[in-house]
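I'll drop the sequence and a predicted model, then ask my questions.
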Amino acid sequence: MRRQTRLLSFLVISCLLFAPLLQAQDNPLNDPDLKEMLKEAQEMQKEAKKLQNPAAPDARKKLGEMLSQAKEEEARQEEQEKREKQKLQAALKKQLEAPGPVVLPDWTPATPEFKAAGAPARKIVDDEVRIVQTGTSSLAPEKIADNWQAAAAAANNLNQSLNKINVNGKITRILFLSTRTDPRQEVELEASREPDSKITQVEISSPLPKPDIETE
């Protein structure tokens with residue numbers, strides 16, 4: 001502000017002092033340097049007015065209302081998401097405890113030298129209920145995955161996708177199989193073996209259909 005005021009004063013005084021010298025010129029305002037100084041002074045004056053004239057009360061009130069509405073909408077969405085999550089958890093719990101057989105799809109490939117660690121069970125995994133069967137095998141993860149892939153290829157009606165993971169000597173193979181026709185079914189194999197171990201940990205799982213959830 002002080003710099004702007006000083007510059008404006010300087011320009012006024014300069015014009016008064018040098019006015020006699022400029023009288024000999026046809027149009028002294030055509031001087032490029034003077035034009036630039038006047039332009040800069042005008043811009044600085046505009047900025048000064050902005051600082052001296054803050055937003056009107058109506059504008060501030062409107063801004064406050066907009067911020068308040070935004071906060072209310074955010075809170076409403078958070079509450080809605082919370083209710084939907086509660087409904088999903090209730091539906092999953094109902095599906096988890098529903099009566100009926102707990103079995104993997106009948107087309108699930110056999111795992112060679114597999115020793116089951118109990119019967120298949122329903123479990124909630126990542127917001128869905130899955131049928132899970134765990135156990136061990138003396139075969140390496142690669143051999144187990146190869147066996148599954150061969151069975152899927154022989155079936156000739158399954159899609160498959162294999163992930164190979166090797167970290168610090170631990171070998172893991174994750175194979176996804178899914179049917180090509182409706183109703184679509186999926187089965188996932190995860191076989192992993194720690195370094196220097198002779199036993200492969202095996203988990204076979206299949207997701208159940210998504211439960212129906214009431215919407216608002």
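Received the coordinates, thanks.

C-alpha only now, for contacts and for neighbours.
OK.

quick one: Lys87 and Pro211 touch, right?
No - in this structure, Lys87 is not within contact of Pro211 by C-alpha atoms under 8 Å, at 10.4 Å.

can you list the weak-confidence ranges in this structure?
Across the chain, residues meeting the criterion (pLDDT under 70) sit at 1-30, 33-34, 45, 47-57, 214-216.

That one: helices as residue ranges?
2-22, 32-52, 57-96, 141-155 (DSSP state H).

residues touching Gln201, list them.
Gln201 makes contacts with 134-137, 191-193, as judged by C-alpha atoms under 8 Å, 6 or more residues apart in numbering.

Neighbours of His43, how many?
Wrong residue type there; residue 43 is Glu, not His. 11 (other C-alpha atoms under 10 Å).

Now do the contacts for Glu36.
Contacts of Glu36 by C-alpha under 8 Å, 6+ apart: none found.

For burial, what's the neighbour tally of Ser206?
With other C-alpha under 10 Å as criterion, Ser206 counts 23.

So what sits opposite it in the bridge?
Ile131 (DSSP bridges).

Spit out the contact partners of it.
104-105, 130-132, 185-188 are the contacts of Ser206 under C-alpha under 8 Å, 6+ apart.

Could you identify the buried members of these?
104, 130-132, 185-188 (16 or more other C-alpha atoms under 10 Å).

Show me which pair in the residues you listed is furthest apart.
Among the buried ones among the contacts of Ser206, the pair separated by the greatest distance (C-alpha to C-alpha) is Val132 and Gln185, at 14.2 Å.

ok so, going back, from the contacts of Ser206, pick the one nearest Thr172.
Glu188 (13.0 Å).

The closest one contacts Leu175, correct?
Yes - applying C-alpha under 8 Å, one finds Glu188 in contact with Leu175, separated by 5.7 Å.

The nearest residue to Gln201 once chain neighbours are set aside: neighbour count?
Closest residue to Gln201 apart from its sequence neighbours, by C-alpha to C-alpha, 6 or more residues apart in numbering: Thr136 at 4.7 Å. Neighbourhood size, Thr136 [other C-alpha under 10 Å]: 20.

my read: Thr136 touches Ser197, true?
No - applying C-alpha under 8 Å, one finds Thr136 not in contact with Ser197, separated by 11.8 Å.

ok, back up a step: could I get the contacting residues of the residue nearest to Gln201?
Here Thr136 is in contact with 114-117, 199-202 (C-alpha under 8 Å, 6+ apart).

contacting residues for Glu188?
174-177, 204-206.

let me redo that: Ser138
Ser138 neighbours (C-alpha under 8 Å, 6+ apart): 113-114, 198-200.

same thing but 7 Å
Going by C-alpha atoms under 7 Å, 6 or more residues apart in numbering, Ser138 touches 113, 198-200.

Fine by me, thanks again.
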